[in-house]
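Enquirer: Here's a sequence, model it:
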Amino acid sequence: MRRFAIIGHRAMSQGKVPLNDMAGAAGRMDVLVRALMAGLLTSHGIRHDTEVTLHLMGGPGPPRRIKFVGSLLRGVHAEERAVGGQIAKVLKLPTPARGHWVERSAGIFDSGGDISHTIAEWNDVTIVCLDAAAPRLWQADEPLPMEGIAHSTSIGEFGDITLSGIDIGFVLSDDKPLPEDVLRENMSLRSLGDTWLQGHMAIAVCHFLLDQGASLNLTQS
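Expert: Below you'll find the predicted structure:
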């Protein structure tokens, strides 16, 4: 399973989402939508071995999480406003208790809580926090495989999907840094290069490395 936790410090967590102003009044919800699409969508389908959790921290009300599970998801299309509309339907509803997941529609789950709750739920998952100042995610001097074996795969169709391979979770924040108490001993800080990439671009690079079976630098340091 490939997991992505996306943190939106300003993203609204409840109420009526202004779909015509997701970049402004919705608290840069457009950034989260693009990250969600990069995490879940391929050119002609959905990545069934991937889940994306959006962390909406901008209020009103308590922090909220919306989780999109690729193996269960239906009806998601590569259009930002349509994806924003699905998030908007969830935000009209009361926020569930922290740690209690409610399925709002096929593959879309809703819960209270923040990134600390998500990390606590990622049992036995290799956790990587992306940071441009950290060591590279890939191994030094290792060639990129021309015919590599993907680190995770899915077999089957909706309703009967088998996942195999690595269980890895990536944590991405917006322009605000993660709180120090979130950075834990079981989390590796890794970079995708010296340049700070936009979230959706960073997710695409992670998928590329995993798809190609690149040698990953996941040893704790």
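
Enquirer: can you list contacts of stretch 164-180?
Expert: When contacts are taken as CB atoms under 8 Å, 6 or more residues apart in numbering, the neighbours of stretch 164-180 outside the stretch itself are 1-10, 28, 31, 35, 49, 115, 119, 122, 124-130, 150-155, 182, 187, 199, 202-203, 206, 210, 218. Every residue, glycine included, has its C-beta placed from N, CA and C.

Enquirer: quick one: low-confidence ranges for this structure?
Expert: Judged by pLDDT under 70, the chain has its weakly predicted residues at 184-185, 220-221.

Enquirer: Could I get the full set of helices for it?
Expert: 29-40, 80-91, 115-121, 199-212 (DSSP state H).

Enquirer: what's the most buried one of the ones you listed?
Expert: Highest mean neighbour count among the helices of the chain (mean count of other CB atoms under 10 Å): helix 29-40, with a mean of 24.

Enquirer: Who are the packing partners of it?
Expert: Helix 29-40 sits against strand 2-8, strand 50-56, strand 64-69, helix 80-91, helix 199-212, with contacts defined as 3 or more CB pairs under 8 Å, 6 or more residues apart in numbering; DSSP states H and E.

Enquirer: relative to strand 50-56, how tilted is it?
Expert: Regarding helix 29-40 and strand 50-56, their directions subtend 170 degrees when assessed with axes from the mean of the first three to the mean of the last three CA atoms, to 10 degrees.

Enquirer: pull the CA atoms of helix 29-40 into CSV?
Expert: Only the C-alpha atoms of helix 29-40 are listed here, as CSV (Å, rounded to 0.1, in the frame of the first residue of the first chain):
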residue,chain,number,x,y,z
MET,A,29,-8.1,23.7,-1.0
ASP,A,30,-6.9,23.7,-4.6
VAL,A,31,-3.5,22.5,-3.4
LEU,A,32,-5.0,19.6,-1.6
VAL,A,33,-7.2,18.7,-4.6
ARG,A,34,-4.2,18.6,-7.0
ALA,A,35,-2.3,16.5,-4.5
LEU,A,36,-5.2,14.1,-4.2
MET,A,37,-5.5,13.7,-7.9
ALA,A,38,-1.7,13.1,-8.3
GLY,A,39,-1.9,10.5,-5.6
LEU,A,40,-4.9,8.5,-6.9
